[in-house]
Every structure is written in C-alpha cells, then in structure tokens.
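Engineer: show me how the following folds:
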Amino acid sequence: MKPLRLGTRSSPLALWQAHFVADRLRSMIAPRPVELVLIETHGDRDQASALSAMGGFGVFTKAIQTALFDERVDVAVHSLKDLPTIPQAGLELGAVPPRGPTGDAFLSRRYLRFDDLPPGATVGTSSLRRRAQVLNRRPDLRLVDLRGNVDTRLRKLHEQNLDAIILAEAGLSRLGLDQHITERLDPRWMLPAVGQGAIGLECRSDDSETQRILHAINCPATMARVLAERAMLATLGGGCLVPIGATSSILDGILTLRGTVLSPDGRRRVVATHSGPADTPLAIGQELAAMLWAEGADELLPANL
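Structural biologist: Got it, this is the predicted structure:
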C-alpha cells in the first residue's frame, strides 16, 4: 500500500509539527502508512545570514514545495508564517489544523518583564517584525541578530551573555520549553507574524484524494483567521522585507483582524482594526490592508523605501 508521504524540515520544531499531523492522519487512514520525508531548505543550510538579507520569500518552504511538484511527497508541512502569500500554481493550502499559541515570549535570566530592561540592554531576535516593534516601544535597546533553531537560540542567550531574547511562544510550548518563558508579550504592542502558531498543509491541486484526507483535519476557524491575515499581507505586498504583524479572533461568527506596519527602525507605526463575517476572510484582510494604506502604510512599503 502506497504511504502518504509528508515533507518536512528536520529541525526539532518542524519534526514536532510533522509528527503532530502524522498522528492525526494515521488514525484516519489506517492501515495506509504515513511516512515523513526530511528535506533541507535554503534557510536550514544558511544559518549565518539574516532572514531579511536572504530575501525572505520561501527560504524555509520552497524546497518542500519542489518535492511536492516532483511527487516525492504528497503533503508539505509548513510553519504557516514561513509560507509566502503568493500562491504557487498547481499547489493549494489543503488544511490548517487547530492553531497553537500565537504570541511572542520574552526570555531573560535577569529581568522578569520586558519593561524592566535597563537602557542599552541587549536583546536577541531574528525577526525584522519583532525588532521594529521592540524599537518602537524601547528605542534605547540594542538589538542583535539571532538565528538557529529554538534550542540554539536558548543556548545563545547564555553563551552570548544577552540580557534577553524574544521567541514565538508556540515553538517553546510545542517543544516543552515553557519553563524558559519569563513573560508573554502583550499582543497590543507586539503583534505576531501572519500565521504565527499555525501549521499549513499544502498538497497538489490535482490530488483530490489527499485533499479529501486533509480536509478532515482542517480547523475552519483557524483557516478563516489565517486566510484573513494572509490576505492582508498579500494585499500590502510587504512579505518578509517590511515589519508587518497581525492578530485575529472569531467571536459569534464575527472575525476581527488587527494589523500593523512599521518602519524597520520602529520610528513609524501604523495600526488598524477591521471586523466582518467570519465566512468572508479574504475581504476582511483586503479591506484592512486598504485601511492601513489610508493611514500611511503605503509610505513604509517596498515601492516607497
């Protein structure tokens, strides 16, 4: 019996996500086996360059998508925040399982809260989005680039004698490293990345059997939220080269989306919120993007940099 093959990166977090998906699929399609296929991406090979310097588009996903096109795998398992919003012809987002924590976490051996950091304190982060939002709130801090998987970044907190680092809460939670979290940052000022905490499952558009299987583990509420967030990002066109954040929720059938665009140095920040029926996520995201443009985001986006 032909196995269902899941393509994934080999980092501990990527493997956690792939096993999370595989366990759910095995219970549905048994006795058909589910196998993991490990794929090295450009982002895995280059651990030195800043993500923004690498172009940002698909550095952790393109190689897995290529394996899908080549039919070496049937499903691509992505951290959804890494998946470019520009669609790949022939591929589709088949499912998004229930989302994990969406926010960012502050980790420090010396200070209990972000706001306790003294002037000039050193904070490590690999994210342009986090960097800009930190500088918007605390322009006195010194930011240093921090690459590597979760364990590597935790080690660098000690080895590089940093005052603090900022990581996604979802990764820490999934790897059982919650005890390292000093403070969960307030999403009112530290908006998460688009799709943060969500796992995106891609398949070929002509593979109706795999689409049917994935549909069974899709979370409609999570899918609606991430579609709205991704529609906002796609309409803005900023990708990974501009600090953009978003947070979303659904209550009583109403989806509320809040987005922000900043200058890389954090000096300028535009924020807007928009709500609408949860079954119209694309329109909500596109309309919020238009609101952000009207508030001045156009001046912060690539064509105007």
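
Engineer: beyond the lowest-mean-pLDDT helix or strand in the chain, next helix or strand please.
Structural biologist: Confidence across the helices and strands of the chain bottoms out at helix 42-45, with a mean of 59, counting by mean pLDDT, DSSP states H and E. From helix 42-45 onward toward the C-terminus, using DSSP states H and E, the following helix or strand is helix 62-69.

Engineer: just checking, what packs against that following helix?
Structural biologist: strand 4-8, strand 75-79, strand 91-95, strand 199-204 (3 or more CB pairs under 8 Å, 6 or more residues apart in numbering; DSSP states H and E). In short, each C-beta sits where N, CA and C put it, glycine included.

Engineer: just how off-centre is stretch 124-141 within its chain?
Structural biologist: Here stretch 124-141 is found 17 Å from its chain centre; the criterion is CA atoms, centre = their mean, to the nearest Å.

Engineer: I misspoke; the intended subject was stretch 291-301.
Structural biologist: Relative to the centre of its chain, stretch 291-301 is centred 22 Å away, using CA atoms, centre = their mean.

Engineer: buried sites along it?
Structural biologist: With burial defined by 16 or more other CB atoms under 10 Å, the residues of stretch 291-301 counted as buried are Met291, Leu292, Trp293, Ala297, Leu300, Leu301.

Engineer: could you do stretch 267-282 as well?
Structural biologist: Residues of stretch 267-282 classed as buried by neighbour count (16+ other CB under 10 Å): Arg269, Val270, Val271, Ala272, His274, Ser275, Gly276, Ala278, Pro281.

Engineer: grab the CA positions of that stretch and hand them over as PDB.
Structural biologist: What follows is stretch 267-282, C-alpha atoms only, in PDB (Å, rounded to 0.1, in the frame of the first residue of the first chain):
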ATOM      1  CA  ARG A 267      10.100  55.000  14.500                       C
ATOM      2  CA  ARG A 268       6.900  54.900  12.400                       C
ATOM      3  CA  ARG A 269       4.000  52.600  13.200                       C
ATOM      4  CA  VAL A 270       0.500  52.300  11.600                       C
ATOM      5  CA  VAL A 271      -2.200  50.200  13.200                       C
ATOM      6  CA  ALA A 272      -5.800  49.400  12.200                       C
ATOM      7  CA  THR A 273      -8.600  47.000  13.100                       C
ATOM      8  CA  HIS A 274     -11.400  45.600  11.000                       C
ATOM      9  CA  SER A 275     -14.200  43.100  11.500                       C
ATOM     10  CA  GLY A 276     -16.700  41.200   9.400                       C
ATOM     11  CA  PRO A 277     -18.500  37.900   8.900                       C
ATOM     12  CA  ALA A 278     -16.100  35.000   9.500                       C
ATOM     13  CA  ASP A 279     -17.100  33.400   6.200                       C
ATOM     14  CA  THR A 280     -15.600  36.400   4.300                       C
ATOM     15  CA  PRO A 281     -11.900  36.300   5.500                       C
ATOM     16  CA  LEU A 282     -10.300  37.400   2.200                       C
END
